[in-house]
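Chemist: take this sequence and fold it.
(2 chains)
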Amino acid sequence: MTISSQNIAPGTEFRTAPRPMTRERMRWYVDAQPTIAADDGRIHTQPPTIHDDDAYARSQGLPGIISDGMISTNWIQGLLCDVFGIAMVSRSSLRTKYIAPIYEDQIVIAVAKVTAVTATAGGQPSYALDVWCEDDTGKKLTVGQATLVAG
Amino acid sequence: MAIGQYTSDLEPGDILGPVEYTLSPFVVREYCHANELHQPFFQGRQDEIVMPPTLIHLDKLRLYKHACPKGTGPSARIHYEYDCTVHEAVKVGARLSVSGTVRERFTKRGREHIVVEMELRSADDGRLLIAYRDTVLVAFKPAGGAA
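Modeler: Prediction:
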């Protein structure tokens, strides 16, 4: 789904469906890291982390496993890709700050709100957005900004 | 200079890399699968797919492995801030060069932060493709206190 840029004005807000941050989602990201490092077509795993091992997380001062922040950044990026298409990976910026841990099964909703629409020197629409992830109570977990040039 | 030790030892001015590699479709698809990014330009045919900009974060691990072979150090790192600017889409099959510089190390509210700035460039002509600034906490527990 890529939405026509004609429909996007300041104040327009986009939201993902609510997703629970399950243990499996956290582990997928953990396992992706050594798998990508090896780049040999097979799945690889790594020693216990704060994202997939409760005992290890507790040893680090946490109450249990927490999500890797990059998952919420990727869910924001995915929302922007759904809205703006390949422009998000071509000429863009994304900044995210992890202001609260995301615990197992906490509900996460990625949100992007357009704050400005301008034009580049070449006449292409340029968008600025506030982005964040919130839980199902509206508490913000990850906050940031994005910019991108469409077309 | 803390190169060759643990990532928790990194100091401002330390240079990480450069490391060269070729972006494979396996890497893009696996990363996107793990993050539920199912757009066709991530999961489609090999000649159509591009790098998700967030994958630059794993290039940091590539640099750490190269520069800090002893590993993380005594505590698990906590990612605090991601700040990425994309100048050009990066296509699968591209030969890439990634490098980084440790810019800052500071303590805020009892927690040590390390800031690394990275650049992903075309290995062929040096063109800047992605710039990234990464901020981590060296440990969740504040120094000298409980979390």
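
Chemist: over to the closest residue to chain B within chain A. Which of the three states is it?
Modeler: Nearest residue of chain A to chain B, counting by C-beta to the nearest C-beta: A:Gly61, 2.9 Å away. For the C-beta atoms, the positions are set from N, CA and C on the backbone; glycine is no exception. Recorded secondary structure, A:Gly61: coil (DSSP: H, G, I helix; E, B strand; the rest coil).

Chemist: please report how far it lies from B:Ile56.
Modeler: Computed as C-beta to C-beta, to the nearest Å, the A:Gly61 to B:Ile56 distance reads 28 Å.

Chemist: and what of B:Leu63?
Modeler: Applying C-beta to C-beta, the value for B:Leu63 to B:Ile56 is 11 Å.

Chemist: the residue of chain A closest to chain B: how many residues sit nearby?
Modeler: 16 (other C-beta atoms under 10 Å in any protein chain shown).

Chemist: go on, A:Gly122?
Modeler: Neighbours of A:Gly122 under the rule other C-beta under 10 Å: 8.

Chemist: quick one, phi psi at the residue of chain A closest to chain B?
Modeler: phi 90, psi 10 (degrees, to the nearest 10).

Chemist: returning to that earlier point: any shared contact partners between B:Leu63 and B:Ile56?
Modeler: Listed as contacting both B:Leu63 and B:Ile56 by C-beta atoms under 8 Å, 6 or more residues apart in numbering or on different chains are B:Val98, B:Met118.

Chemist: helix or strand for the residue most central in space within chain A, which one?
Modeler: In chain A, the residue lying closest to the centroid (C-alpha atoms, centre = their mean) is A:Thr73, at 2.5 Å. Following DSSP states H and E, one finds A:Thr73 within helix A:69-84.

Chemist: which strands or helices does that helix pack on?
Modeler: strand A:13-15, helix A:23-38, strand A:92-98, strand A:107-119, strand A:125-134, strand A:140-149, strand B:78-86 (3 or more C-beta pairs under 8 Å, 6 or more residues apart in numbering or on different chains; DSSP states H and E).

Chemist: can you check which helix is longest in chain B?
Modeler: When chain B is parsed with DSSP state H, its longest helix is helix B:56-67.

Chemist: list the helices and strands it packs on?
Modeler: Taking 3+ C-beta pairs under 8 Å, 6+ apart as the contact cut, helix B:56-67 packs with helix A:23-38, strand B:15-22, strand B:78-86, strand B:95-108, strand B:111-122, strand B:128-137.
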